[in-house]
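**Student:** Structure for the following, please:
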Amino acid sequence: MPTILLATATLIGLIVVAVLLVIMVVMVVSIYNRLVTSRNRFKNAFAQIDVQLKRRYDLIPNLVETAKGYMKHERETLEAVIQARNQAQSAAQQAAGKPEDAKAIQGLMGAEGALTGAMGRLFALMENYPDLKANQNMSQLMEELTSTENRVAFARQAFNDAVMAYNTLRETFPNNVFAGMFNFQPAQLFEIEDKAQREAPQVSFT
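**Tutor:** The predicted structure is shown next:
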């Protein structure tokens, strides 16, 4: 009789352990899948930013070429815009390849800040060229650029919301235990530190 009771207790113990292991595996799989889903959401959100950035990078050379005909004495400023645009485009390509890489996003933030500064200086100079401001092609380019800047801002907000949700998910217990185990690194928000750069660059064409 004691042998039967011992065997029964052992069997029950094994069943309990097996159930606990199954529950543990299910929990880990669930956490892993939620982390992957959340990470994919912010990566997809960055893809929307990338689309708008590419559109902006394509517009800038056309804008500079149009300005050249009127701003012949502002060569340094025009070249600075193109250089900043090329650096931002390169940084955007790196970030698009791996938006979960915080350093890549930080690099893009820095490059975008430099481009915004260069564009701001160009627009300030454009105020001194009324013929350029009256140019129909330039007016159209500026309208498209402003529209694109607004789209970039909306896409950036959607990306930041997705990043915040992912970071919160990976930092909460018990997710944080397994996030480190499976190498889910914190994601970087796409922020603009300079408040003056938060607004889309504008120049009056009225």
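**Student:** And what about Asn128, helix, strand or coil?
**Tutor:** The assignment at Asn128 comes out as coil when based on DSSP: H, G, I helix; E, B strand; the rest coil.
**Student:** Tally up the residues packed near it, please.
**Tutor:** Residue neighbour count, defined by other Cβ atoms under 10 Å, stands at 11 for Asn128. All C-beta spots, glycine's among them, are computed from the backbone N, C-alpha and C.
**Student:** Whichever helix in the chain runs longest packs against which elements?
**Tutor:** For the chain, the longest helix by residue count, based on DSSP state H, is helix 2-68. Helix 2-68 is packed against helix 75-97, helix 102-126, helix 136-171, helix 175-181, with contacts defined by 3 or more Cβ pairs under 8 Å, 6 or more residues apart in numbering; DSSP states H and E.
**Student:** next one: stretch 142-155 to chain centre, how far?
**Tutor:** 15 Å (Cα atoms, centre = their mean, to the nearest Å).
**Student:** Give me the buried stretch members for that stretch, please.
**Tutor:** In terms of neighbour count (16 or more other Cβ atoms under 10 Å), stretch 142-155 has its buried residues at Met142, Glu144, Leu145, Thr148, Glu149, Arg151, Val152, Ala153, Ala155.
**Student:** now the helices and strands packed on helix 2-68 in CSV, with mean pLDDT?
**Tutor:** Shown next, in CSV, are the helices and strands packed on helix 2-68 (pLDDT from 0 to 100):
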stretch, mean pLDDT
helix 75-97, 96
helix 102-126, 94
helix 136-171, 95
helix 175-181, 90
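**Student:** Just name the most buried of these.
**Tutor:** helix 102-126 (a mean of 19; mean count of other Cβ atoms under 10 Å).
**Student:** tell me the mean pLDDT over the helix or strand following that helix?
**Tutor:** Reading on from helix 102-126 to the C-terminus, the next helix or strand found by DSSP states H and E is helix 130-133. For helix 130-133, mean pLDDT rounds to 88.
**Student:** pLDDT wise, what is Val16 at?
**Tutor:** pLDDT, Val16: 81.
**Student:** Neighbours of it, how many?
**Tutor:** So Val16, with other Cβ under 10 Å, has 10 neighbours.
**Student:** swap in Ala134?
**Tutor:** Ala134: 11 neighbours (other Cβ under 10 Å).
**Student:** Kindly provide the distance from it to Tyr57.
**Tutor:** According to Cβ to Cβ, to the nearest Å, Ala134 stands 26 Å off from Tyr57.
**Student:** Nearest to Ala187, out of the helices and strands packed on helix 2-68?
**Tutor:** Nearest of these to Ala187, taken as Cβ to Cβ: helix 136-171 at 4.5 Å.
**Student:** Alright, calling it a day.
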